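> this is a predicted model, with the sequence first.
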Amino acid sequence: HRVDLFMKTNLVISLPCIQEEQYLFALQIKQDVSCGRLTCNDTSAALMVSHIIQSEIGDFEESQCRSHLLNNNYIPEQMPMIDKIMEFHSKNIGQTPAESDFQLLEVARRLEMYGIRLHPAKDREGTRLSLSVAPTGFTSKDLFSLRKLSFKRKRFLIKLRPDLNNSYQDTLEFLMGSRDCCKVFWKICVEYHAFFRLFEEPKPKPKPVLFTRGSAFRFSPHPSASSGHSHGMVNGQKSLELCSYSPDGRQPSPLTSPLLNDAGSVRTDDEDDVRRKRFPTDRAYFIAKELLTTERTYLKDLEVVTVSFQSAVGQDEATPDSLKNTVLSTFEPLHKFHAGFLREVEQRLALWEGRSNAHIKGDYQHIGDVMLNNLQGLKPLTANLHKQSEVLLELEKACRASRRLEGLCRDFELQKVCYVPLNVFILRPLHRLSHYKQILERLCKHYPATHGDFRDCRAALADVSEMVEQLQGSLIKMENFQKLLELKKDLIGVDNLVVPGREFIRLGCLSKLSGKGLQQRMFFLFNDVILYTSRGMMGTNQFRVHGQLPLHGMTVSAASLNCTHSAILSMCVFPSSSLMEMEKWMDDIQGAIETVKTSKGPSSDLLTCSLIDNKCPEDSLVEAESEDDITASHTSLERSSPHRGNTMVHVCWHRNTSVSMVDFSLAVENQLSGNLLRKFKNSNGWQKLWVVFTNFSLFFYKSHQDDYPLASLPLLGYSVTVPSESENIHKEYVFKLHFKSHVYYFRSESEYTFERWMEVIRSATVPSISARVRNGKESHPH
């Protein structure tokens, strides 16, 4: 008799590194797709089939591909999707079978249902649902609330620990088709719990027979034996899953954080210590990993323009064709290029992290060749980088000409996906080159001259340095132009803010001494004038301009009042929150006064006629202000539309601090992203989050695949330190953020990443004394 043996993947991992394992996993995915077990949308199914047929028949040839698809079924209901499959197949030209298998796994592992097998069941009310298990954690039931997993006949039981607010124990009960079905599912839960907690490969035991039935993993059904290591997920919709899939292979579980809802994970200490030993310890690896994590964020930022903005604004009839064409011709080639670059970096890092095939690992433990090849490929797109200024100018011109388009752009900036101002996304490609330069400088500094990767890194550094130098002048002008446009949206009652020759220097919160005492005001320093404003109505989140102070003929000096640090401008007294703040303001104002003496700047008359009221300059400077003045112009405020309330102006207002243009430029250079573990002051577990640092803020995501952040933390006013012994952290690579009573602990995976996070966060929490830098900096009017 013929015996057929079938291979089945029992325990799904995130991404196998050995080529033979990749092939076997690809076979499993092919079978799951064919049988309909791997649930996904039509686009993902078509994309996976395109990689399957690329590995089977090679490069795309229309008649051969169509004939092959007509004779072979790879997915249920394949006929309506043949054209889409062929379209995807045509884009895979040049892929080897091994590369196609890798890309198939890349698509599959990002699917929500990857590695999840559904088991039909019913709840106590008889509602049909499904149970499943995977190697990750609970999202609606805390790990520590689990007391026991068990089954009795056809009933599968999840027993929970008693709630502190209730006196009874809770038990979740599900009815399955038969006792055997229930026992099989219970055993799957147990073996997943045991396997994904292994610290090392178990020693094989002698087998009395050729084949054994079932898994070799045995474990106690009581999660309390190691409550921090048990994993599962409960989904309250049509299916109940005991786990959700994590693309990077780590093990997320429920959140204890009030800041983020249903995001991230609680990690135990032992798991993290073991995982850290599995990865390379070479500093070059973590530098390359920074390239990977920041490239993922950069590609998402490009998609804000190429996908989200085009969908929300670009399709509207109010958007002129010239703007549509400029955006498409500028950003689409860049997005396509960087998507390919990211795939190469991901593949190289996956091979670098491989724990097997030690004899070939040396061939992949470098990144210089990948960067050199792609930077040379980026050179033909330099024209697109020069066109970023055209996009910014074209968008501003179109918004001035159309109130509807202006409203569409304002509404788009209020969407979650637009987590920083739209103009910041438009300038991202110019900033990204500086990041490449910094990464290559670190690699060249780390490698000895004899290292095999040193030559490629040095050549790549020379290429990117040349490109940065070519674009530097344009970048400085456009950063100033972008900042003026952003401030224009924050202010009410100002005309002609964005004019040639005007440069932004500093903004911040000061107290103006008036007839009614000290009044909190926001001040804006430019190279020709100072504007002072007050907070407008809450519905608009904008600031109403109260007056202007031309710099021409102005003098500035320090004044000693009873309890504040003050500066005197002409006849006005402005107390600051600290001596450092006073020095920064005085240095910047004095530098701007000296500059305006020798240069012909723009007109200083910025206020609208309704605010001037035909008063003489002296009266406008010393007029008594009261809280009634803040809401005096109801008409203009009521006409204003909602405005984003998390801009840097609002942060400075609430934190009583200031930021200079030099600080903004440094923040652009110090962008960073990656996984961090976060812990609150009064919590026990560490919560895994994808964190992006940009624009003086930390943005928190559940994973790098999320389209928008779930929460943010502006860092101005915070202090960053290392925890003291009394705080009982007792872990490596932990830094502490604190502001008043708010305390957060963050834990990185290596010494290098710890140093990088400390470096970039300090750039936001300890703003520079910008005047000293600015005095040696050439003026670049836009």
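Noted; the coordinates are in hand.

> where's P723 relative to N72, distance?
60 Å (C-beta to C-beta, to the nearest Å). Glycine gets a C-beta too; all of them are placed from N, C-alpha and C.

> show me what contacts the nearest residue to Y532 once chain neighbours are set aside?
Closest residue to Y532 apart from its sequence neighbours, by C-beta to C-beta, 6 or more residues apart in numbering: R521 at 4.7 Å. By C-beta atoms under 8 Å, 6 or more residues apart in numbering, the residues touching R521 are 509-512, 532-534, 546.

> mind checking the SS state of R521?
strand (DSSP: H, G, I helix; E, B strand; the rest coil).

> likewise for K379?
Assignment for K379 (three-state DSSP): helix.

> A460 is in contact with that one, correct?
No - the criterion here is C-beta atoms under 8 Å, and K379 misses it with A460 at 11.4 Å.

> more neighbours, those two?
Taking other C-beta atoms under 10 Å, K379 and A460 do not tie; A460 has more neighbours (26 against 12).

> elements contacting the helix or strand containing the more buried one?
If you go by DSSP states H and E, A460 is part of helix 454-490. Packing partners of helix 454-490 (3 or more C-beta pairs under 8 Å, 6 or more residues apart in numbering; DSSP states H and E): helix 368-378, helix 382-386, helix 388-401, helix 422-426, helix 428-446, strand 504-514, helix 661-669.

> how about a markdown table for the ones you listed, with mean pLDDT and mean neighbour count added?
As requested, the helices and strands packed on helix 454-490 are arranged in a markdown table below (pLDDT from 0 to 100; neighbours: other C-beta atoms under 10 Å):
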| stretch | mean pLDDT | mean neighbour count |
| --- | --- | --- |
| helix 368-378 | 93 | 19 |
| helix 382-386 | 87 | 15 |
| helix 388-401 | 89 | 18 |
| helix 422-426 | 91 | 21 |
| helix 428-446 | 94 | 20 |
| strand 504-514 | 84 | 22 |
| helix 661-669 | 86 | 20 |
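
> what's the closest of those to I492?
strand 504-514 (15.4 Å; C-beta to C-beta).

> could you measure from R37 over to R117?
For R37, the distance to R117 - C-beta to C-beta - is 7 Å.

> with T657 instead?
To R117, T657 is 54 Å away according to C-beta to C-beta.

> one more: F156?
15 Å.

> neighbour-wise, which of those two wins?
F156 (24 against 16).

> counting by contacts, list what the strand or helix carrying that one packs against.
F156 belongs to strand 155-160 when elements are defined using DSSP H and E. Packing partners of strand 155-160 (3+ C-beta pairs under 8 Å, 6+ apart): strand 146-152, strand 171-176, helix 179-195.

> what angle separates that strand from strand 171-176?
Strand 155-160 and strand 171-176 are oriented at 160 degrees to each other (axes from the mean of the first three to the mean of the last three C-alpha atoms, to 10 degrees).

> got phi/psi on L427?
phi -90, psi 0 (degrees, to the nearest 10).

> so which helix or strand of this structure has the lowest pLDDT on average?
Least confident helix or strand, the chain: helix 634-639 with a mean of 33, by mean pLDDT, DSSP states H and E.

> using PDB, write down the CA coordinates of whichever helix or strand comes after that helix.
Next helix or strand after helix 634-639 toward the C-terminus (DSSP H and E): helix 648-655. Written as PDB, here are the backbone C-alpha positions of helix 648-655 (Å, rounded to 0.1, in the frame of the first residue of the first chain):
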ATOM      1  CA  MET A 648       4.700  73.900  19.000                       C
ATOM      2  CA  VAL A 649       3.100  77.300  19.800                       C
ATOM      3  CA  HIS A 650       0.600  75.600  22.100                       C
ATOM      4  CA  VAL A 651       3.200  73.500  23.700                       C
ATOM      5  CA  CYS A 652       5.400  76.500  24.500                       C
ATOM      6  CA  TRP A 653       2.300  78.300  25.900                       C
ATOM      7  CA  HIS A 654       1.400  75.500  28.300                       C
ATOM      8  CA  ARG A 655       5.000  74.600  29.300                       C
END
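
> mind checking how far the spatially most central residue of the chain is from H650?
Nearest residue to the geometric centre of the chain (C-alpha atoms, centre = their mean): V692, 4.1 Å. Distance of V692 to H650, computed by C-beta to C-beta: 20 Å.

> what do you get for C409?
19 Å.

> what do you get for I52?
51 Å.

> more neighbours: the two, which one.
With neighbours defined as other C-beta under 10 Å, I52 and H650 compare such that I52 has more, 23 against 19.

> following the helix or strand hosting the more buried one, which helix or strand comes up?
Under the criterion of DSSP H and E, I52 resides in helix 42-57. Toward the C-terminus, helix 42-57 is succeeded by helix 62-71 as the next helix or strand (DSSP H and E).

> got the contact list for that following helix?
So helix 62-71 is contacted by 53, 56-57, 78, 82, 85-86, 89 (C-beta under 8 Å, 6+ apart).

> narrow those residues to those that are buried.
53, 57, 78, 85-86, 89 (16 or more other C-beta atoms under 10 Å).

> any chance of those in CSV, with pLDDT and distance to L677 too?
Output for the buried ones among the contacts of helix 62-71, formatted as CSV (pLDDT from 0 to 100; distance: C-beta to C-beta, whole Å):
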residue, pLDDT, distance to L677
I53, 90, 42
I57, 89, 46
Q78, 85, 44
I85, 91, 41
M86, 91, 45
H89, 90, 41
